[in-house]
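kindly return the folded structure for what I paste below:
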Amino acid sequence: MTDDVCVLLPTYNEAATVADVVTDFRDQGFTNILVIDGGSTDDTRERAREAGARVEIQSGTGKGQAIREAVREHVTTDYVLMADADGTYRASDADAMLEPLREGTAEHVIGDRFADMHEDAMTGLNRAGNTIFNSLFSLIHREDFGDILSGYRAFTRDSFKRLRLSADGFGIETELAVECARHGVRTTVVPITYLPRPDGSNTNLHPVRDGGIILMAIYRQAKTSNPLFYFGSAGVASGLAGALVAAYVGYDWFVNGIPHNVLAIVAGVGVILGVQLLIFGVLSDLLVTLHGETLDRVEALEREVDSAGAAPADGSTADDVADASEREERADPPEQ
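Numbering: from 1, shown residues only. Here you go, the predicted structure:
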């Protein structure tokens, strides 16, 4: 059964591969295939329609904006299966991606490309970058999602609506992972096969530019997820820089008798700033921890209230109980 799934394919100039990707998913039994196009200048939209996909043109630009707009305005199914339209993902992995959602064990599924990656599917630079980003994410956000930059995802529409997403470009995958970790969205990783791009298909990814965007997205999101790392790393950098300048000033003063008054001030400011940032990081981390504990208690109270509001064993409803209490009060008014 695939009626409860929408296959979402964000595209931009994917005419060389989009028809084959749509056909592969249709061969797997998926009939609800949505192509959200970012203003392609080739025949992407026409070929997608001919292959049997529903095509929408996004109002803005960038992959992140396309995904947000598609899910919120064009998807009505319970589950979303998101993939790139470049032919690097296999439609035959779809059932494995959707299984945790249907079993109720997860709300968000990430396809791990490194589980079965073909030799030419990723350059050495991209492999190194992915390794660094995944390690940094695990360190900052205390979650190991295996492959946070994977474009093959499956998630419930309800869980997607709980996430606060703002990335417009390729930072959307990183933001999805960060938001899942922050909001406690049950996330699991499924091994998939990652294929090289077919001949004639050009990537829209710019490793240096987009790598910088991804790195900044991971670091910026640490401000509320792990403030000790966010402020502490800046504090350590500032403190070390100040200490190095102070060491140079001290050496030149004691050995050569040359004073560096301005550099001495810079060194002092750097050390003091570093200490202050570290202290601020510790305090912020404490506040985030207390805030998380408070939210957990509020959620526990909400569950207790919901349970208390359930129908009693005798079959009467909560309204019946309230009416009975009101009648008792009228029959036996409190003493004045």
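
got the domain ranges for this structure?
Domain ranges of the chain: 5-223, 227-308, per automatic domain parsing.

and those as CSV, adding mean pLDDT and mean neighbour count?
(Each C-beta comes from the backbone N, C-alpha and C, glycine too.) Formatted as CSV, the domains of the chain follow (pLDDT from 0 to 100; neighbours: other CB atoms under 10 Å):
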stretch, mean pLDDT, mean neighbour count
domain 5-223, 90, 18
domain 227-308, 84, 14
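
show the subsequent helix or strand relative to the longest strand belonging to the chain.
Across the chain, the longest stretch assigned as strand under DSSP state E is strand 108-117. Along the chain past strand 108-117, the next helix or strand (assigned with DSSP states H and E) turns out to be helix 124-141.

could you say what helices and strands that following helix packs with?
In this structure, helix 124-141 makes packing contacts with helix 172-182, helix 207-225, judged by 3 or more CB pairs under 8 Å, 6 or more residues apart in numbering; DSSP states H and E.

just say helix, strand or coil for G281.
With DSSP: H, G, I helix; E, B strand; the rest coil as the basis, the three-state label of G281 is helix.

wouldn't it be in contact with N226 here?
No - with contact defined as CB atoms under 8 Å, G281 does not count as touching N226 (9.2 Å).

quick check, central residue of this protein?
The structure's the chain has its C-alpha centroid closest to L176; by CA atoms, centre = their mean the separation is 1.4 Å.

ok, now how distant is that one from T23?
As judged by CB to CB, to the nearest Å, L176 and T23 stand 27 Å apart.

wait, T44 touches N13, no?
Yes - using CB under 8 Å, T44 is in contact with N13, at 6.2 Å.

what segments of the protein are strands?
Listed in chain order, the strands of the chain (DSSP E) span 5-11, 33-37, 54-57, 79-82, 108-117, 153-156, 187-194.

now for the second one, which elements pack on it?
Secondary structure elements in contact with strand 33-37, counted by 3+ CB pairs under 8 Å, 6+ apart, are strand 5-11, helix 18-27, helix 44-51, strand 54-57, helix 63-73.

for P198, which of the ones you listed is the nearest?
P198 lies closest, by CB to CB, to one member of these: helix 18-27, at 7.8 Å.

residues near T224, how many?
T224 has 13 neighbours, counted by other CB atoms under 10 Å.

wait, isn't the residue nearest to the centre of the chain in contact with S166?
No - applying CB under 8 Å as the test, L176 and S166 come out as separate, 11.6 Å apart.

report the contact partners of the residue lying closest to E50 once chain neighbours are set aside.
Of all residues not flanking E50 in the chain, A19 sits nearest, at 6.6 Å (CB to CB, 6 or more residues apart in numbering). Residues in contact with A19 (CB atoms under 8 Å, 6 or more residues apart in numbering) are 47-48, 50-51.

could you measure L283 against R68, distance?
34 Å.

same question for T17.
The value you get for T17 to R68, if CB to CB is used, is 23 Å.

who are the contact partners of the residue nearest to V282 when sequence neighbours are not counted?
Nearest residue to V282, sequence neighbours excluded (CB to CB, 6+ apart): L228, at 6.3 Å. Shown in contact with L228 (CB under 8 Å, 6+ apart): 281-282, 284-285.

and the gap between L228 and V269?
Using CB to CB, L228 is found at 22 Å from V269.

L149 too?
38 Å.

cool, and D158?
Per CB to CB, D158 is found 50 Å from V269.

need the pLDDT of Q336.
Looking at Q336, its pLDDT is 41.

which outside residues touch stretch 183-195?
Applying CB under 8 Å, 6+ apart, the contact partners of stretch 183-195 are 87-90, 93, 96-97, 99-100, 105-118, 121-122, 143, 145-147, 150, 152, 159, 162-163, 177, 179-181.

show me where the stretch 201-336 of the chain has its helices.
207-225, 227-256, 261-308, 318-331 (DSSP state H, counting those that start in this stretch).

looking at these, which is nearest to A83?
Of all these, the one in closest proximity to A83, counting by CB to CB, is helix 207-225 (18.5 Å).

can you show me the CA trace of the closest one as PDB?
Only the C-alpha atoms of helix 207-225 are listed here, as PDB (Å, rounded to 0.1, in the frame of the first residue of the first chain):
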ATOM      1  CA  PRO A 207      31.700  21.800  -2.500                       C
ATOM      2  CA  VAL A 208      33.500  24.900  -1.100                       C
ATOM      3  CA  ARG A 209      30.600  27.300  -1.100                       C
ATOM      4  CA  ASP A 210      27.900  24.800   0.100                       C
ATOM      5  CA  GLY A 211      30.400  23.200   2.500                       C
ATOM      6  CA  GLY A 212      30.900  26.600   4.200                       C
ATOM      7  CA  ILE A 213      27.100  27.000   4.400                       C
ATOM      8  CA  ILE A 214      26.700  23.600   6.000                       C
ATOM      9  CA  LEU A 215      29.500  24.200   8.500                       C
ATOM     10  CA  MET A 216      28.000  27.500   9.600                       C
ATOM     11  CA  ALA A 217      24.600  25.900   9.900                       C
ATOM     12  CA  ILE A 218      25.900  23.200  12.200                       C
ATOM     13  CA  TYR A 219      27.800  25.800  14.300                       C
ATOM     14  CA  ARG A 220      25.000  28.400  14.400                       C
ATOM     15  CA  GLN A 221      22.500  25.800  15.600                       C
ATOM     16  CA  ALA A 222      24.700  24.900  18.500                       C
ATOM     17  CA  LYS A 223      23.800  28.300  20.100                       C
ATOM     18  CA  THR A 224      20.600  26.800  21.500                       C
ATOM     19  CA  SER A 225      21.500  23.000  21.400                       C
END
